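Peer 1: I would like the atomic coordinates for the input below:
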Amino acid sequence: MAEHPRPFVTLFTRCYKRPKALAVCNASVELQSVQDYQRVFIVDEIGRGLEWADAQFYERRHEALGRYVYMLDDDNILAHANVIEKWRWVTTLTGCEVMMFKAGYADLGILPQDDCWMQPPAHGRISPLNALVSRELFLKHIDKWRGAYVGDFEYLQAVMADETASIVWLDDVMAYCQRRSYGKPEEDDAAI
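Peer 2: Below is the predicted model of the structure:
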């Protein structure tokens, strides 16, 4: 699958009883023009909850073999067939350790909005769906995500505040959230 000894990116995917959403997510990955990735699935078949799923990023951190790490949940999709190719091109060109970009949400529109663009993360206005992070920074800061309700925000805030991080902002939509599921399975759609 990988075109290099180490894959370009590890895609972590949390899954919880959303087979239709997961099929669309997987299709968006399989359609990539560059197949230079590793998938790590975090599967919760019994409903352990978001805290458990979030803690798994830390518990399974050493499974990430890619030079970069990206969080692509089962209800997220890559925006087009050239996302990984574009990521690889920009990181090669710039040498960045963090790439921030836009992501679309059905209920929120495109984030981050202009007032948050190129700014430190504002809770609820930017998320790991907006960030490609080097494996080194991922390993250094993933403990911030472990078990905390807003762990995704704490993680991203730590990554972006890291004084060693070189950050590039790419003004392009690279991913979409199919629907914000809040950890609920598809059969609970009416409750969302």
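Peer 1: ok, what's across the strand from the spatially most central residue of the chain?
Peer 2: Residue closest to the average C-alpha location in the chain (C-alpha atoms, centre = their mean): residue 71, at 2.2 Å. Here residue 71 sits in beta bridges with residue 12, going by DSSP bridges.
Peer 1: what about it, distance to residue 163?
Peer 2: Taking C-beta to C-beta, to the nearest Å as the measure, residue 71 falls 23 Å from residue 163. C-beta coordinates here come from the backbone N, C-alpha and C atoms, glycine included.
Peer 1: how about low-confidence regions in this structure?
Peer 2: By pLDDT under 70, the weakly predicted segments of the chain are 1-4, 122-124, 147-149, 180-192.
Peer 1: quick one: the helices in this structure, in order.
Peer 2: Shown for the chain, the helices assigned by DSSP state H span residues 19-30, 50-59, 83-94, 135-141, 151-161.
Peer 1: got a markdown table for these, with mean neighbour count too?
Peer 2: Formatted as a markdown table, the entries for those read as follows, by neighbours: other C-beta atoms under 10 Å:
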| stretch | mean neighbour count |
| --- | --- |
| helix 19-30 | 16 |
| helix 50-59 | 18 |
| helix 83-94 | 18 |
| helix 135-141 | 19 |
| helix 151-161 | 20 |
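Peer 1: was I right about residue 18 contacting residue 76?
Peer 2: No: with contacts counted by C-beta atoms under 8 Å, residue 18 stays clear of residue 76, the gap being 10.8 Å.
Peer 1: more neighbours: these two, which one.
Peer 2: Set residue 18 next to residue 76 and count neighbours by other C-beta atoms under 10 Å: residue 76 wins out with 28 against 24.
Peer 1: so what's the more buried one up against?
Peer 2: Contact analysis of residue 76 by C-beta atoms under 8 Å, 6 or more residues apart in numbering lists 25, 129, 175-178.
Peer 1: so which of these wins on neighbours?
Peer 2: Going by other C-beta under 10 Å, residue 175 tops the contacts of residue 76 with 24 neighbours.
Peer 1: what is the burial count for residue 179?
Peer 2: The number of residues packed near residue 179 is 17, by other C-beta under 10 Å.
Peer 1: against residue 69, how distant is it?
Peer 2: According to C-beta to C-beta, residue 179 stands 24 Å off from residue 69.
Peer 1: longest strand of the chain?
Peer 2: Secondary structure of the chain read by DSSP state E shows that its longest strand is strand 167-177.
Peer 1: so what are the sheet partners of it and their directions?
Peer 2: Based on DSSP bridges, the pairing partners of strand 167-177 within the sheet are strand 76-78 (antiparallel), strand 98-105 (parallel).
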